[in-house]
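**Q** one predicted model, sequence on top.
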Amino acid sequence: MAFLIYANEEIFSTFVLNIYRLICRMKNKGLILLGAILSMYSCSTPQKISYFQDLQQIESKDYSVDMNSASYEVKILPSDLLSIIVTGKDPVAVAMFNLPVSSTINPGETELSTTPVLQSYLVDVNGDIDFPTLGRIKVAGLSRRKISDLLKDKISKYAKDPIVNVQLLNFKVSVLGEVNNPGTKATSNERMTIMDAISLSGDLSIYGNRENVLLVRENNGKKEFHRFNLTSTDIFKSPYFYLKQNDVIYVQPNQAKQNSSRMDSAKQFNLSVASTVTAAISVIASLCIALFLK
């Protein structure tokens, strides 16, 4: 390794000396042209990391995209946790349709104390919940609104004008890969978009591939895969723009990160030498230009 470093230093010194002699023999116009070329070479082209780049091609100041508001209506799945609260004009008549919010103080005691913990319904593997008085009810595949309408219809046989409030308690998605804050993102609002998930993850890192973001979704026991291009406004038209519970988002690394990860220590050393050579050439060119222009 010592020999390699020494050899690279000899090559570097010889290369810089030859470049210096060549530059000093050139005329002013040639020096200016060479300096411009070296400056362009030494500065790498910045990556396109902005979102919705095609908006720059739209002449109109106002731009809108038609979106289906019903596409974010979440369907209940097995293992979901639901909060279902029934109210009405007669609280006594609807009381038997609510889960008790009380528990024993200690095992074996008969005293009860109310607890502020909200009782929830766990949707079993068959897609059912065990509802007070009504028994087992199939809720998997239904939206919150349809569950509410279904329960209203059944409870109306026992109580007049019931009001049923249904909420999904464990809506979450997972964001992995090249984001600043990866992990599971939970929210009480089931209306989450791909952009919301990225925002909760602290945005993509500089190494995130904005043209190839992968979405993994489980639907009816099968895995679905969809890819987003965040640089295009077409993302708003995608039927996958609104996320479902348990979705997984993976931001792949861009080419720069992939190349960096594959580079071993020797290649990194050579890259450092090449960068040093380029910087030295730029400095020498600038000095020579300044000297010949005097």
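**A** Ah, there it is.
**Q** quick one: residue 140 from residue 250, how far?
**A** Look at residue 140 and residue 250: by CB to CB, to the nearest Å, they are 27 Å apart. C-beta here means a position set from N, CA and C on the backbone, and glycine is covered the same way.
**Q** please read the previous query as pertaining to residue 92.
**A** Distance from residue 92 to residue 250, counting by CB to CB: 52 Å.
**Q** higher neighbour count, the two?
**A** residue 250 (18 against 8; other CB atoms under 10 Å).
**Q** which elements pack onto the helix or strand hosting the more buried one?
**A** In the assignment (DSSP states H and E), residue 250 maps to strand 248-253. Applying 3 or more CB pairs under 8 Å, 6 or more residues apart in numbering; DSSP states H and E, we find strand 248-253 packed against strand 172-177, helix 194-200, strand 208-219.
**Q** these into a markdown table, with extra columns for mean pLDDT?
**A** Listed next are those as a markdown table, based on pLDDT from 0 to 100:
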| stretch | mean pLDDT |
| --- | --- |
| strand 172-177 | 95 |
| helix 194-200 | 94 |
| strand 208-219 | 92 |
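**Q** wait, residue 202 sits on residue 178?
**A** No. Using CB atoms under 8 Å, residue 202 makes no contact with residue 178, being 11.1 Å away.
**Q** of these two, who's got more company?
**A** residue 178 (20 against 12).
**Q** the closest residue in space to the more buried one that isn't next to it in sequence - how many residues pack around it?
**A** Closest residue to residue 178 apart from its sequence neighbours, by CB to CB, 6 or more residues apart in numbering: residue 208 at 3.6 Å. Around residue 208 sit 22 other residues, with neighbours defined as other CB under 10 Å.
**Q** tell me where the stretch 101-250 of the chain has strands.
**A** Shown for the stretch 101-250 of the chain, the strands assigned by DSSP state E, counting those that start in this stretch span residues 102-104, 112-114, 121-122, 128-131, 135-138, 163-168, 172-177, 183-186, 208-219, 222-228, 248-253.
**Q** could you point out which of those sits nearest residue 148?
**A** Closest approach to residue 148 among those is made by strand 163-168 (4.5 Å; CB to CB).
**Q** partners of that closest one, with directions?
**A** Counting by DSSP bridges, the strands paired with strand 163-168 are strand 81-87 (antiparallel).
**Q** could I get the buried residue list for the partner strand?
**A** Buried residues in strand 81-87, counted by 16 or more other CB atoms under 10 Å: 82, 84, 86, 87.
**Q** same thing with stretch 143-163?
**A** The neighbour-count check on stretch 143-163 (16+ other CB under 10 Å) flags 143, 144, 147, 148, 150, 151, 152, 154, 155, 159, 162 as buried.
**Q** ok, so of those, who is nearest residue 123?
**A** residue 147 (10.3 Å).
**Q** what distance do you get for the residue nearest to residue 128 when sequence neighbours are not counted to residue 121?
**A** Closest residue to residue 128 apart from its sequence neighbours, by CB to CB, 6+ apart: residue 136 at 4.8 Å. According to CB to CB, residue 136 stands 11 Å off from residue 121.
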